[in-house]
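**Student:** how does the following fold in three dimensions:
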Amino acid sequence: MCRLNSSVRYLISINSNQKFKDKPMFHKIILFHIITLFMLLISGCSSNAYIQKVTPINSSLAPYDKAIVNIKGVSSVKHRKGFNAGKTDLENKFISNLSQSSQFKVIARTIPNNFKKNTLIINLTIEDFQYLSATSSVMGGIFSGNARIKVLMRLIDANTGKHIAEIRSGAQTRSSGGIFRGNTSSLITEISKKLTDEIINYRRLLHK
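**Tutor:** Numbering: from 1, shown residues only. Got it, this is the predicted structure:
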């Protein structure tokens, strides 16, 4: 299970090779790895989110120095348990990633009429959603079900309305991961990074 298996193997090797000459240090090492395993349990393993380029970017993103981010869900998922919390989580994490990338001078949620030049509209549509909290994942184990989310990102020129690209990303937890499989929030973290990386990579590629 991701990094978990390597951590477990390391613990076993320590246990089998330790001569117990330095018991306090041995106990510290064991405690450190127990804490590491617990953090993995809470955060979950990587679900390997995919990227699907529905309409690949074929024009430069370099001219855009402002970005407007809109997030919505299709009608079939809007009333599902945890959707509003998931939508807010996606918005916060995506905007945070985009801000940290330093690719745009301005990142906002709305667009004034005099703000359209050199502005990229980023529309994120949640197409599929199944909520699973971290608590349910740990306490309920495989009986609590799985989390999943699928997001379509549309890039639009704010001034002309031209659709530049469509990129989809999705991820889901797997029961085989047990209580270490992650949750909705961990999936959103991964997808947010994937989609941000797509924008960053295209800006860098087309700058050259």
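
**Student:** hey, where'd the helices end up in this structure?
**Tutor:** When assigned using DSSP state H, the helices of the chain occupy the ranges 3-17, 23-43, 83-101, 134-140, 184-207.

**Student:** show me what contacts residue 53?
**Tutor:** Residue 53 makes contact with 165, 166, 167 under the criterion CB atoms under 8 Å, 6 or more residues apart in numbering. All C-beta spots, glycine's among them, are computed from the backbone N, C-alpha and C.

**Student:** the domain parsing of this protein - what is it?
**Tutor:** Using automatic domain parsing, the domain parsing of the chain gives 1-43, 47-207.

**Student:** against residue 162, how distant is residue 129?
**Tutor:** Residue 129 sits at a distance of 29 Å from residue 162 (criterion: CB to CB, to the nearest Å).

**Student:** more neighbours: which of the two?
**Tutor:** Here residue 129 and residue 162 are set side by side on neighbour count (other CB atoms under 10 Å), and the busier one is residue 129, at 25 against 10.

**Student:** how about the contacts made by the nearest residue to the more buried one once chain neighbours are set aside?
**Tutor:** Closest residue to residue 129 in three dimensions, ignoring its sequence neighbours and counting by CB to CB, 6 or more residues apart in numbering: residue 77, at 4.3 Å. With contacts taken as CB under 8 Å, 6+ apart, residue 77 has the following neighbours: 83, 126, 127, 128, 129.

**Student:** do you know how far the first one is from residue 173?
**Tutor:** Noted for residue 83: a distance of 17 Å to residue 173, by CB to CB.

**Student:** more neighbours: these two, which one.
**Tutor:** Between residue 83 and residue 173, residue 173 has the larger neighbour count (other CB under 10 Å), namely 24 against 17.

**Student:** for the residue nearest to residue 162 when sequence neighbours are not counted, give the beta-bridge partners.
**Tutor:** Nearest-residue entry for residue 162: residue 156, 6.9 Å, with adjacent residues in sequence omitted and distances by CB to CB, 6+ apart. Taking DSSP bridges, one finds residue 121, residue 163 as the beta-bridge partners of residue 156.

**Student:** can you check the pLDDT for residue 109?
**Tutor:** The pLDDT attached to residue 109 in the predicted structure is 88.

**Student:** what of residue 131?
**Tutor:** The per-residue pLDDT reported for residue 131 equals 87.

**Student:** my read is that it contacts residue 148, right?
**Tutor:** No. The pair formed by residue 131 and residue 148 falls short of the contact definition of CB atoms under 8 Å, at 9.3 Å.

**Student:** not counting its neighbours along the chain, what's nearest residue 120?
**Tutor:** Nearest-residue entry for residue 120: residue 64, 4.0 Å, with adjacent residues in sequence omitted and distances by CB to CB, 6+ apart.

**Student:** should've said residue 90
**Tutor:** residue 188 (5.1 Å).

**Student:** and residue 190, by the same measure?
**Tutor:** Excluding its sequence neighbours, the residue lying closest to residue 190 (CB to CB, 6+ apart) is residue 49, at 4.6 Å.

**Student:** where does the chain dip in pLDDT?
**Tutor:** Within the chain, the segments meeting pLDDT under 70 span 1-28, 32-47, 133-145, 174-182, 205-208.
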